[in-house]
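Enquirer: no sequence on hand, only this structure:
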């Protein structure tokens, strides 16, 4: 195996050689070497090679702008004084910057408390979810047992069935959790409404995660398992010692997605929490809270609220964005490698 | 002639010799086989004496050996194989049990957190519900709720049609767009990592409530200078002008209108195709280099390469993305049917809401089944 440096060197030499050959061929007349069709093919390819990068740049630039536009708008709006929203001379760059909006929203959202609760719920459920989904995915990928296809059909069903269908019965179940007649308790408003499903591989989008893990573990070579068996590992030990270290990137990817989805989820949280506790919920209720705090209950137009709303957006996505910037390659490469390739 | 005869006789002798050798060897092997068979029978008898339970096993072993004798495989390995067969089978069985062990947690959880609520919600849908202290009062109405949803509720069927048609319109667009972007992002150029990161950004933001605020900015367009600017930038006038230029403006109103809605919706299009782009990217990277090389040798243009190599190779992923897109757009809490269902649930009309959700879900399932059945015919699976 050549090192990367050497490979680069080779590549360089190869290109130089090709260039030299082309030059020589041109000097001696192309017709001697190539058929007319080949000449035409090469010429077309050269033209496309010269024009295409320009188009590609334009397309990507435009689309990137569309994607980034709301973020730019958010940043531009959140840090300007409220009066400048109605100033026609201000479009993108505000005349002065202020942290007042952010501070106000911080107070209204009780941000440090909200952040802590959200982080607690998020991390505990995500860790539980990753572990249990990995175990389940491994079970589906590597073992043969009766009824496997039916059970896996249920996993697919879990992906397809909208959570809205089962929310109300689930709410009743959490309200009267336990054994009816013996001991019941209400789990509403506690973190258990998130931890318990996650603990039993039924958390948010668990079906998708099980699917990803199954796909990944199926891709690992069978020899690994055989070798482990010969060395005296039972299935459980094989999973822990041999398979898990191989699945590190998959674990990280699923963990990150799980964090993102728990962070953003407001539907399930709003069903099981009566008070606004998580960041997504308090952002959802931000305009009502702001009207209470700032306008004493008089309803202003949304236009008057925009700076605070955008400041709230910035506050709530900053942790995710920071995580994304640092771990970006695990989001993308993780999926690419562990692959939901092939259904 | 003489020489030939000589050679022939020599050859015959050689043949005889080798034949003799072979027969000797065979007889030796046969003896060995008899010996091992006798041994095995001895052990079998011992086992029989020792315990009745193991008798069958021993008989099996003996049978195995006699079979091996016939086949002239007289090596002791056969004996080993015969005695090992039973535990191997049970290992497979044990592995199956371990499989159940691995998914046991999930089975329990699914029964409690998925299947049971699903059944309960179906029961709700057949009843008139009334929330009382500590529970639900049910009043059986049969399929009355379902009939009501389609017959009486005008909003519901209208929303249903609208959701279905918008999904039918949006899905192919998203697919084509994400294939296009994935192909571009798969090329090598400077800033590729950045572009990929940007295109995937919506997945992180768009699932949360932030998107509602952003969408609010986009749709009303009147919040602030910035968004006005944005909406004029992608004003449909430009599209009209292009249509005019091409000479197909106002040929039919529906055509113009469809094109207008499509282009003005580019924001949603881009923001909804993050996952699909990712799926296609991973598929594109799975195209073997040899295919590309072969296409180049044959002088395929980029266009031909795309249709004859790329599309077949990524077709399984097209199916996956298709299913994902359809499900995503149906399940989105922002779409009209979901809104109605959630509103009904909020106003404590659980039975009716459950009936509408179930009817909707069944329609989704039918649509998905049809789409998958059709597309699956065109999918190319590489046989390895």
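Expert: Yes, it's here. Computed from a prediction, not measured in an experiment: that's the story for all the values here.

Enquirer: now the strands: where do they sit in the chain?
Expert: Picking chain A for this. Using DSSP state E, the strands of chain A run over A:177-179, A:183-185.

Enquirer: hmm, no, I was thinking of chain B.
Expert: Going by DSSP E, chain B shows strands at B:127-132, B:135-140.

Enquirer: if we ignore the residues flanking it in sequence, what's nearest residue B:142?
Expert: residue B:126 (6.4 Å; C-beta to C-beta, 6 or more residues apart in numbering or on different chains). All C-beta atoms are positioned from the backbone trio N, CA, C, and that covers glycine.

Enquirer: circling back: let me know which of the strands of chain A is tucked in deepest.
Expert: Most buried of these, by mean neighbour count (mean count of other C-beta atoms under 10 Å in any protein chain shown): strand A:177-179, with a mean of 12.

Enquirer: who does that one touch, helix- and strand-wise?
Expert: strand A:183-185 (3 or more C-beta pairs under 8 Å, 6 or more residues apart in numbering or on different chains; DSSP states H and E).

Enquirer: correct me if wrong: residue A:271 contacts residue A:167.
Expert: Yes. Here residue A:271 lies in contact with residue A:167, judged by C-beta atoms under 8 Å, at a distance of 4.8 Å.

Enquirer: in TSV, list the strands of chain B along with distance to residue A:306 and mean neighbour count.
Expert: Below are the strands of chain B laid out as TSV (distance: least, C-beta to C-beta, whole Å; neighbours: other C-beta atoms under 10 Å in any protein chain shown):
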stretch	distance to residue A:306	mean neighbour count
strand B:127-132	38	16
strand B:135-140	42	12
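
Enquirer: residue contacts, the residue minimising distance to the centre of chain A?
Expert: By C-alpha atoms, centre = their mean, the mean C-alpha position of chain A lies nearest to residue A:257, the distance being 4.2 Å. By C-beta atoms under 8 Å, 6 or more residues apart in numbering or on different chains, residue A:257 lies in contact with A:205, A:209, A:331.

Enquirer: and which of the residues you listed is nearest to residue B:306?
Expert: Taking C-beta to C-beta as the measure, residue B:306 sits nearest to residue A:331 out of the contacts of residue A:257, at 27.0 Å.

Enquirer: what's next to stretch A:304-321, contact-wise?
Expert: Against stretch A:304-321 from outside (C-beta under 8 Å, 6+ apart): A:73-75, A:77-82, A:85, A:101-102, A:104-106, A:108-109, A:111, A:115, A:260, A:263, A:279-280, A:283, A:286-287, A:290-291, A:294, A:302, B:204-205, B:208, B:210, B:213-214, B:217, B:223-224.

Enquirer: ignore what I typed, I meant stretch B:272-285.
Expert: Outside stretch B:272-285, the residues that reach it (C-beta under 8 Å, 6+ apart) are A:332, A:335-337, A:339-341, B:170, B:174-175, B:177-179, B:181-183, B:185-186, B:196, B:199-203, B:206, B:310, B:313-314, B:316-317, B:320-321, B:324-325, B:328-329.

Enquirer: could you rerun that using 7 Å?
Expert: A:332, A:335-336, A:339-341, B:174-175, B:177-179, B:181-183, B:185-186, B:199-200, B:202-203, B:313-314, B:317, B:320-321, B:324-325 (C-beta atoms under 7 Å, 6 or more residues apart in numbering or on different chains).

Enquirer: just for the stretch 201-343 of chain A, where's the confidence low?
Expert: Judged by pLDDT under 70, the stretch 201-343 of chain A has its weakly predicted residues at A:276, A:297, A:299-303, A:333-343.

Enquirer: which ones are touching the residue of it found nearest chain B?
Expert: Nearest to chain B in the stretch 201-343 of chain A, going by C-beta to the nearest C-beta, is residue A:264, at a distance of 3.2 Å. Going by C-beta under 7 Å, 6+ apart, residue A:264 touches A:280, B:207-208.

Enquirer: is it possible to get CSV of those residues that adds neighbour count and distance to residue A:54?
Expert: Below are those laid out as CSV (neighbours: other C-beta atoms under 10 Å in any protein chain shown; distance: C-beta to C-beta, whole Å):
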residue, neighbour count, distance to residue A:54
A:280, 25, 42
B:207, 20, 35
B:208, 23, 36
